Structures are given as structure tokens and as C-alpha cells.
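Colleague: The sequence isn't on hand, but the structure is:
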């Protein structure tokens, strides 16, 4: 059995708790005249005359109503479980804390806090002393924008705050799905002028730090976030993120992969409220440092389309391979067994006479974003007249573009079937075009020509191909050739044929 009664209006001037005031919950002190909050003894009567004198509990009069100012976070997934803290004024000294998610006013019943249970999902709450707020856990709820109110006495709810439940995000793919592991990341995430916090840039990295791979995560239901609340989580390491529109208008999220994580595969998840992680995850791979050591072949015609094979360390495990040949020439690539394969783009026009015009530094990317360092740290600089004759390009592992060779004559034109006869091949650019490019450059033309020939001899592998027969029945025989440097011709031995 119970007795129900409404509280009367009270004012500080007419309240005294001396001689019976109780202790305040959460550190309040009774016995104060003319001040709220106060704890009053509560007595009841059954006949309108005699009141009880042994009431076990006190009734706390708070004075001015509690004033909620904000909820953190103000969004959560439809599955619930979000740890929500409501901050505000006069939130202490409650006796029964509640949170109501939904509408706290119903058209079907009278206005007032008593309708909260009928119109909203009500959950227990508690006073959070460190923050001075009210803490509760969001319940499962249909997606949408709703209200959040609190009660300090299990009955009277405050004016509502906005709270939104969002659909459970669905993650589809991360692009790129890999990037190099590194030690120090730019911190804090501070954009330079013109960039927003958590955006893709521009950033200023100093002190040897790097920003990390810019990763774009695509999926569905990624647009239910509050400003500044997006996060990417790489196996427990969280970084700020930003939303972006993908092709077709679908939402996507971008963030920079963090540093200080070892090479290997990790689960990448998102948080739309800086707290709850998505159930879905996409795979992301941190790669060991990639280095290049060898390109085969190391030279080819200016027309391009030479298939080259790049080998080195750490070239496996990538997700989006590209080759960069020269300045700004990026081409698709593939990888097999730690060897990267790509086809050269067309080379320069050789309009000038600089030796560096023929040399294209080689770089490779395992994710179409970060590039492994050049194969040689030595910079390609125009050779001075004094240095040109002595410089050897054999130590440079850049790709060398040469002019398209053309055969004009062979001598002799016949050979015995037993083979072995030396055949002399004449034509244009059989030396890679070095003589044509440099023989007319004033007083130091000879030194430049010699340097170019050294590069060709160091990297070139001249071959002669003999085609015997015609049509589909023809046989091809390929033999090694030797460049005759002084005359720019190729010498090879005729093969034995049946």
C-alpha cells in the first residue's frame, strides 16, 4: 500500500530544516535556512490531525528545476549501448535518475513528465560526479531524430535535448587498402590555412613526421554523424575523419592511416559519434618500407611500351600498383612474387642536348599514393664539360630512353646453314641515338657522346633475330649482338638452321 500526494509550492524564505533536516545525497548538507536545495522530513496523517514522527526518509526540495545544456554524444547507433552524459546546471542531489529517449510529451495524455514512460523509452541513469552530469546508456531504438530528457526524481522530466539514432553503418571497401607503416604522424591534426580540422589537408608536417596514407572508406548509412565526431579505428588506434561525397552521391569517409603500427593486416572500423564502432570492418594492410634495386631491361625506345621488371625489397603485398617513369608519367603495374611489372610510357622528344634528358628515374607505388624512393639517391644533373668525360652512368639505375633503332643494311646478306658467320648490321640509332644527340654540341660534344655510350653499353643487351622461312612455318632464331661503339653498328653471328 502507498500514499500519493503532490508537493506544495515552497520558497527559500519559508523553509527551515533545523531540528530534523537530513543529509543531502551526493554530498549536500542539511540544516540551512532560506536556501535550496534542502532535505525536509516527510510525515503523513491518516485522519487529518496526527502525523507520523518516525519517517525514515527525507524529501529533497531542489528549488529551481534542473537545466540540461547538452548531451555527449548526441547520436548513437540504432542497436543502443551508447554511453551518454548529459551536462547542465543543478543536476546533483537527485534521488532517482532516469533518461527518456523519445517524445516526453504525448498528444494522447496530459502534458507533463508523467507521460514520459508512455511516450519514450526510459532507462535508469546515475549522477556522474567527475563531470557533474547525468550518465545513462541509450536503449535500442528505431533510427531517426528524437528527444532526450532526464529526471532526477524518477518522475519530473526536464525540457528535452536533441538525440538522434542512426542506421547501423555498412562498410564496403577501403581505398587504398594498404599503405606504408611509419613511426611518427603529424600531431595534433591541425590543418594549414584553408583546411578544416580532420579534413584531407592541406597540412604542414614538421620534425620528420608524416601525415600517413589518405584512406577513403565507402559504404552505406555513413551520414548520421555529428560535426567533428567521425573517427577511423585501426585495430584500436583512432584518428579523426571527415565525410565526403563519392561517385553517384553515396557517402564515404576519409582519414589518414596512423603511425606507430607494425606492418601487417588490421581491421578498419568507423565511429560516427566518436564512441561506438561499426560492427562491419574492412581490411587494411600496413606495408614494410619498399626499396628498389634493379630494373630489367634498363633501357628502351622512346616510343615506349617496353615491359620492365622492378625488383627489390618489400614490393609484395600491395593493393594498387603504379610505376612512375620520369617526371609525372604514372602507369598501371602488377606484382608477382615480389617483382613489379609495368610498361614504359612514351619518352621525351629529345629536343635539347642535356644528357639527363635521356634518363628517367624509376619509382613504384604499392597503393597508388605513396612512392618508394628512387632506385638511386644520386640526382641526375646536367653534366658540366669538365665532368662529362669522366662521369660513368653505369652506377645509375634509371631507365634510359633511346631513339628507335632502324636497320638499313646487313653484310653479308647470305650465310651458310651451319651458322657462325659474323653479320654486320648497319642502320640508324643502333647505339641508342647517342651519336646523333650529342655529336654536334660544340667543344665538349665528344665527352658527352662518350658518356652516353657508356650508359648504353652498361645497360644495353643487343640481340639479333633471324627469321627463317615465311608465314606460320617460319622459325625465329635470336642471338647475342655486340655494339661496335666507334661506328654505331652491331655485330652478331648467324645461327645454325635446318
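Modeller: Yep, that arrived. Only a predicted model underlies this, so the values are computations on that prediction, with no experimental measurement involved.

Colleague: can you give me the strands for the stretch 251-400 of the chain?
Modeller: Secondary structure of the stretch 251-400 of the chain by DSSP state E, counting those that start in this stretch: the strands cover 251-256, 264-271, 282-287, 291-296, 299-301, 307-313, 322-325, 330-336, 339-343, 359-360, 362-365, 399-402.

Colleague: and of those strands, who's closest to residue 100?
Modeller: For these, distance to residue 100 was read as Cβ to Cβ. The smallest value, 24.9 Å, belongs to strand 264-271. C-beta here means a position set from N, CA and C on the backbone, and glycine is covered the same way.

Colleague: Would you mark the buried spots in that closest one?
Modeller: 266, 268, 269, 270, 271 (16 or more other Cβ atoms under 10 Å).

Colleague: Quick one: closest of the strands of the stretch 251-400 of the chain to residue 182.
Modeller: Nearest to residue 182 among the strands of the stretch 251-400 of the chain is strand 282-287 (8.8 Å), distances taken as Cβ to Cβ.

Colleague: pLDDT averaged over that closest one - what is it?
Modeller: Mean per-residue pLDDT for strand 282-287: 96.

Colleague: Relative to residue 170, how far out is the spatially closest residue to residue 173 that is not a sequence neighbour?
Modeller: Using Cβ to Cβ, 6 or more residues apart in numbering and skipping residues adjacent in sequence, the residue nearest residue 173 is residue 218, 5.5 Å away. Using Cβ to Cβ, to the nearest Å, residue 218 is found at 10 Å from residue 170.

Colleague: These two - which one has more neighbours?
Modeller: Set residue 218 next to residue 170 and count neighbours by other Cβ atoms under 10 Å: residue 218 wins out with 19 against 13.

Colleague: Does that one fall in a helix, a strand, or a coil region?
Modeller: On the three-state scheme (DSSP: H, G, I helix; E, B strand; the rest coil), residue 218 is labelled strand.

Colleague: ok, and for stretch 68-78, which residues are buried?
Modeller: The neighbour-count check on stretch 68-78 (16+ other Cβ under 10 Å) flags 68, 71, 72, 73, 74, 75, 76, 77, 78 as buried.

Colleague: My error: substitute stretch 164-179 in the last question.
Modeller: For stretch 164-179, the neighbour count (16+ other Cβ under 10 Å) marks 164-169, 171, 174-179 as buried.

Colleague: ok, now stretch 410-420?
Modeller: In stretch 410-420, counting by 16+ other Cβ under 10 Å, buried: 410, 415.

Colleague: quick check: mean pLDDT across that stretch?
Modeller: For stretch 410-420, mean pLDDT is 86.

Colleague: Contacts made by that stretch with the rest, please.
Modeller: Contact with stretch 410-420 is made by 421, 423, 424, 425, 426, 493, 494, 495, 496, 497, 498, as judged by Cβ atoms under 8 Å, 6 or more residues apart in numbering.

Colleague: Need the buried ones from these selected in ChimeraX.
Modeller: Selecting only the buried entries of the contacts of stretch 410-420 in ChimeraX, with 16+ other Cβ under 10 Å as the criterion:
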select :423,425,493,494,495
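
Colleague: circling back: would you agree the residue nearest to residue 173 is in contact with residue 177?
Modeller: No. With contact defined as Cβ atoms under 8 Å, residue 218 does not reach residue 177; the gap is 11.3 Å.

Colleague: Okay, now the sheet partners of the helix or strand that contains residue 127, with direction.
Modeller: Element membership of residue 127 [criterion: DSSP states H and E] is strand 120-128. Sheet partners assigned to strand 120-128 using DSSP bridges are listed as strand 98-102 (antiparallel), strand 133-137 (antiparallel).

Colleague: most tightly surrounded among those?
Modeller: Most buried of these, by mean neighbour count (mean count of other Cβ atoms under 10 Å): strand 98-102, with a mean of 25.

Colleague: could you pull out the strands for the stretch 51-200 of the chain?
Modeller: Using DSSP E, counting those that start in this stretch, the strands of the stretch 51-200 of the chain run over 58-61, 67-72, 75-77, 83-89, 98-102, 120-128, 133-137, 144-151, 161-166, 170-175, 178-180.

Colleague: circling back to that earlier point, same list (the contacts of stretch 410-420) but as CSV, adding distance to residue 52 and secondary structure.
Modeller: Shown next, in CSV, are those (distance: Cβ to Cβ, whole Å; DSSP: H, G, I helix; E, B strand; the rest coil):
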residue, distance to residue 52, secondary structure
421, 129, coil
423, 125, strand
424, 126, strand
425, 121, strand
426, 125, strand
493, 123, strand
494, 125, coil
495, 121, coil
496, 124, coil
497, 124, coil
498, 124, coil
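
Colleague: just for the stretch 201-350 of the chain, where's the confidence low?
Modeller: 201-209, 245-250, 328, 350 (pLDDT under 70).

Colleague: Now for residue 491, how many residues are close by?
Modeller: For residue 491, the count of nearby residues is 15 (other Cβ under 10 Å).

Colleague: I'd like to know how far residue 369 sits from residue 8.
Modeller: Relative to residue 8, residue 369 is positioned 71 Å away (Cβ to Cβ).

Colleague: my bad, should have said residue 411
Modeller: 124 Å.

Colleague: Just the buried residues of stretch 312-331, please?
Modeller: Under the neighbour-count criterion of 16+ other Cβ under 10 Å, stretch 312-331 has 312, 314-315, 317-319, 321-326, 330 buried.

Colleague: ok, residue 217 touching residue 176?
Modeller: No. Contact criterion Cβ under 8 Å: residue 217 and residue 176 do not qualify, at 11.1 Å.

Colleague: Residue 369 and residue 8: who's more crowded?
Modeller: Taking other Cβ under 10 Å, residue 369 and residue 8 do not tie; residue 369 has more neighbours (16 against 5).

Colleague: Might you report the residue contacts of the more buried one?
Modeller: Counting by Cβ under 8 Å, 6+ apart, residue 369 touches 176, 179, 213, 214.

Colleague: okay if I get the strands of the stretch 51-200 of the chain as a markdown table plus distance to residue 338 and mean pLDDT?
Modeller: Converted to a markdown table, the strands of the stretch 51-200 of the chain look like this (distance: least, Cβ to Cβ, whole Å; pLDDT from 0 to 100):
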| stretch | distance to residue 338 | mean pLDDT |
| --- | --- | --- |
| strand 58-61 | 73 | 64 |
| strand 67-72 | 49 | 94 |
| strand 75-77 | 42 | 95 |
| strand 83-89 | 47 | 96 |
| strand 98-102 | 55 | 92 |
| strand 120-128 | 54 | 93 |
| strand 133-137 | 50 | 97 |
| strand 144-151 | 52 | 92 |
| strand 161-166 | 43 | 93 |
| strand 170-175 | 23 | 94 |
| strand 178-180 | 15 | 93 |
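
Colleague: Kind regards, and thank you for your time.
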